[in-house]
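Asks: Fold the following for me, if possible:
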Amino acid sequence: MTDTTGTIVDPVGPVIQVGEIADAVAAAAVIDNDGQRVDIRNRGSYVRVEVDGGECILRRETIEEELGRPFLMRELEVSMPSFVGRIETGTEQIRFYLAHRA
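Replies: Modelled structure (predicted):
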């Protein structure tokens, strides 16, 4: 769901180069953060994904389902020139969060 009304409070999430990974990550952000407002903004050469509430989870399995192929989380790291918040990386998920909500 992309909701552009109002301002997201405590946004966190990745900034990803446009392409199939960006599309899959945007869809996965909506699925993996069910119940949270997710804004997806295509800025031409990159896609900004912002999740409300100070935490964004992206699961490898969800991204794989959206891509329709195997996916390694390091592929996201290569396609992600920036992000908002702090980050915890792993082989099964990446978590973006705010320091005061750790």
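Asks: Contacts for the host helix or strand of residue 56, please.
Replies: Assigned by DSSP states H and E, residue 56 belongs to strand 55-59. Contacting residues not belonging to strand 55-59 are listed as 12-14, 25, 28-29, 32-33, 36, 49, 76, 85, 92-98, 101 [Cβ atoms under 8 Å, 6 or more residues apart in numbering]. Where you see a C-beta, it was placed from the backbone N, CA and C, and this is true even at glycine.
Asks: among those residues, which ones are buried?
Replies: When neighbours are counted using 16 or more other Cβ atoms under 10 Å, the contacts of strand 55-59 contain these buried positions: 12-14, 25, 28-29, 32-33, 36, 49, 76, 85, 93-97.
Asks: mind listing which of the residues you listed are in strands?
Replies: Among the buried ones among the contacts of strand 55-59, the subset assigned to strands under DSSP state E consists of 13-14, 49, 93-97.
Asks: Need the residues you listed in a markdown table (columns: pLDDT and distance to residue 62).
Replies: Formatted as a markdown table, the entries for those read as follows, by pLDDT from 0 to 100; distance: Cβ to Cβ, whole Å:
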| residue | pLDDT | distance to residue 62 |
| --- | --- | --- |
| 13 | 98 | 14 |
| 14 | 98 | 14 |
| 49 | 97 | 13 |
| 93 | 97 | 9 |
| 94 | 97 | 11 |
| 95 | 98 | 13 |
| 96 | 98 | 15 |
| 97 | 97 | 18 |
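Asks: same for the helix with the most length in the chain, what does it pack against?
Replies: In terms of residue count, the longest helix belonging to the chain (DSSP state H) is helix 20-32. Other elements packing on helix 20-32 under the criterion 3 or more Cβ pairs under 8 Å, 6 or more residues apart in numbering; DSSP states H and E are strand 13-17, strand 38-42, strand 46-51, strand 55-59, helix 60-67, helix 73-79.
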